[in-house]
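Undergrad: build me a model:
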Amino acid sequence: MIALIALSLSFFAAQPTLAQPPEDNPRAAVLVQQAAGQIRNHDFSKAQDALIEAKGLNPKQRGLWITYAALFSSTNRADMAIASVQTEIDNYPGQPELYRLLARTQLSNKRTDDAISTLRELLKIAPLDPEGLHDLARLLLNVKRFDEAMDLAGQAVAAFPTNADFQVLRAEALLRAGYKEEGVAAARAMAGYSLTPPMLNNVAVALTDTGADIPLAVDFADRSVKSFEDELKNLNLSTLTPSQITDISYLANSWDNDGWARFRSGDIDGGLKYVEAAWRLGQFAVAGDHLGQILDRKGNRAEAIHVWQLTLATSSKQPDVAERLRKLAPPEPVRPSGHSIVVSPAEEVSKMRNVAIPGFSRPKGSAEFFVLLSANGVEDVSFISGAEDLRAAKDQIAKAHFDVSFPDAGPEKITRRGILSCSQYTTPNCQLVLLLPSNTKVP
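TA: Numbers count the residues shown, from 1 in each chain. Next up, the predicted model:
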């Protein structure tokens, strides 16, 4: 939704090539700009009033309907948001940016088939639009229409032969469509390209999932991990950015993919290190499933069942995990020796992110902190907001034990945002609950 709003707010101000309609109204333009700022500041009532007045002055004012779309998206009115972008397209046909915005609006509201249709319409008016080609090929891959994705990626490579994104898409599509030899050749041919960590990761996953070339998959996965770790080596709480938070989520995903490729190559212990680190950091279902399979292969059946039960607690829509558990048919939640027997899997998953702060005591209150971690432990703690008398917890948080794994000797640092909650009724009085990287924002 944030990306949609940003696109909506910037579009009408950044399109000098759009023809100004004869009835363009200067007052309406000002009102649309005002509404955009009000949406950014979550003042939705004033934004709606401004847009109603602008529509009364000129119902075809440039940017009016995509700003309406931002308002509707921000207030959870998906159908109205999509219809509003379509109205902007009707008023200004032939503008690729609007089709891309409509597709992203549809995607943000889980209208995947509609988004595919919109991107096809975009490519009718702009056959060589790079973003349209990329987004459609990626979507087709995501919905497993591999032959269509392969054909489209081939067209994109022919039109833009030096574009690394399209080379990656083509290799993925070839592999997924069953053309393993050609896909491996395409992956090997990328040696001369500058590939980003996500690109390396995507190729690694395709190579691993298809079993086309596991050693090559490990190579791509290792390079992805190293690139992400290098990008995070200078992480500093005073200069933290949203993109760095995103990179931490990507790192967890990359650790998982690297570990799974290593496991598939026969390096079971090496795979376990990376996948377990990914599960502890990101708690996403794919890593949990992989971890359970590795533990099961090592003969730790009870531990594997336990991890799969926790995995389903993070995401119930995991048919493969559910089927594995059904075959093993444990009658009750399984907890190996040393695990609590008094909490549900969902509660246990949450408690995995609880950090006790035994050296700090307050009867009540809450505050938020950022914690900077490396393989050496806690490197820094910063107070974000909350009860002022909890600011003093910083030193004790720095001394607390964080159950975080770093699978290698890489230089990376990660940051976790946490909510410190204190109550006279708990022991210890204060605990820090860590947010998942995927749910973390920079203030």
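
Undergrad: C-alpha from now on. contacts and neighbour counts both.
TA: Fine.

Undergrad: alpha carbons only: can I get the lengthiest helix in the chain in CSV?
TA: For the chain, the longest helix by residue count, based on DSSP state H, is helix 242-265. In CSV, the C-alpha atoms belonging to helix 242-265 read as follows (Å, rounded to 0.1, in the frame of the first residue of the first chain):
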residue,chain,number,x,y,z
PRO,A,242,14.1,1.6,5.2
SER,A,243,16.1,-0.1,2.4
GLN,A,244,18.5,-1.6,5.0
ILE,A,245,15.5,-3.0,7.0
THR,A,246,14.4,-4.6,3.7
ASP,A,247,17.9,-6.0,3.1
ILE,A,248,17.7,-7.7,6.5
SER,A,249,14.5,-9.5,5.4
TYR,A,250,16.2,-10.4,2.2
LEU,A,251,19.2,-11.7,4.1
ALA,A,252,17.1,-14.1,6.0
ASN,A,253,15.6,-15.3,2.8
SER,A,254,19.0,-15.7,1.2
TRP,A,255,20.3,-17.6,4.2
ASP,A,256,17.5,-20.0,3.8
ASN,A,257,18.0,-20.5,0.1
ASP,A,258,21.8,-21.0,0.6
GLY,A,259,21.2,-23.5,3.4
TRP,A,260,18.7,-25.4,1.3
ALA,A,261,21.0,-25.5,-1.7
ARG,A,262,23.8,-26.8,0.6
PHE,A,263,21.5,-29.4,2.0
ARG,A,264,20.5,-30.5,-1.5
SER,A,265,24.3,-30.8,-2.3
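
Undergrad: quick one: mean pLDDT for it?
TA: The average pLDDT for helix 242-265 rounds to 97.

Undergrad: ok, stretch 164-183 next?
TA: 98.

Undergrad: same question, stretch 202-219
TA: 98.

Undergrad: with stretch 408-422 instead?
TA: On average, stretch 408-422 scores 95.

Undergrad: on that earlier part again, next helix or strand past the longest helix of the chain?
TA: Where DSSP states H and E defines the elements, the next helix or strand beyond helix 242-265 is helix 268-282.

Undergrad: what comes up buried for that following helix?
TA: 268, 270-282 (16 or more other Cα atoms under 10 Å).

Undergrad: kindly report the same for stretch 394-406.
TA: K394, I397, A398, A400, F402, V404, S405, F406.

Undergrad: separation between the fourth one and R170?
TA: Going back to what we said before, that points to A400. 47 Å (Cα to Cα, to the nearest Å).

Undergrad: same question for the last one.
TA: Look at F406 and R170: by Cα to Cα, they are 33 Å apart.

Undergrad: do Q309 as well
TA: Counting by Cα to Cα, the gap from Q309 to R170 is 37 Å.

Undergrad: cool, L102 as well?
TA: 25 Å.

Undergrad: before we move on, what about S73?
TA: 33 Å.

Undergrad: okay, the two: which has more neighbours?
TA: Just comparing S73 and R170: by other Cα atoms under 10 Å the higher neighbour count belongs to R170, 27 against 22.

Undergrad: quick check, the more buried one in contact with G154.
TA: Yes: contact status for R170 versus G154: in contact at 6.1 Å, counting by Cα atoms under 8 Å.

Undergrad: can you map out the strands along the chain?
TA: Listed in chain order, the strands of the chain (DSSP state E) span 354-356, 364-374, 377-386, 414-423, 430-434.

Undergrad: ok, the first one: who's next to it in the sheet?
TA: Looking back up the chat, that one is strand 354-356. strand 430-434 (antiparallel) (DSSP bridges).

Undergrad: give me the angle between the partner strand and strand 364-374.
TA: Counting by axes from the mean of the first three to the mean of the last three Cα atoms, to 10 degrees, strand 430-434 lies at 50 degrees to strand 364-374.

Undergrad: ok now strand 430-434, how far from the chain's centre?
TA: Put simply, strand 430-434 sits 24 Å off its chain's centre (Cα atoms, centre = their mean, to the nearest Å).

Undergrad: could you list the buried residues of it?
TA: C430, Q431, L432, V433, L434.

Undergrad: check stretch 174-189 too.
TA: Applying 16+ other Cα under 10 Å to stretch 174-189 flags L174, L175, R176, A177, Y179, K180, G183, V184, A186, A187 as buried.

Undergrad: repeat that for stretch 196-210.
TA: Buried-residue list, stretch 196-210, by 16+ other Cα under 10 Å: 197-210.

Undergrad: return the subset of those lying in helices.
TA: Reading helices off the buried residues of stretch 196-210 with DSSP H, I get 197-210.

Undergrad: on that earlier part again, got JSON lines for the strands of the chain, with distance to N236 too?
TA: Below are the strands of the chain laid out as JSON lines (distance: least, Cα to Cα, whole Å):
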{"stretch": "strand 354-356", "distance to N236": "22"}
{"stretch": "strand 364-374", "distance to N236": "8"}
{"stretch": "strand 377-386", "distance to N236": "8"}
{"stretch": "strand 414-423", "distance to N236": "9"}
{"stretch": "strand 430-434", "distance to N236": "18"}
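
Undergrad: contacts only, for L420.
TA: L420 sits next to S366, A367, E368, F369, C430, Q431, L432, V433 when contact means Cα atoms under 8 Å, 6 or more residues apart in numbering.
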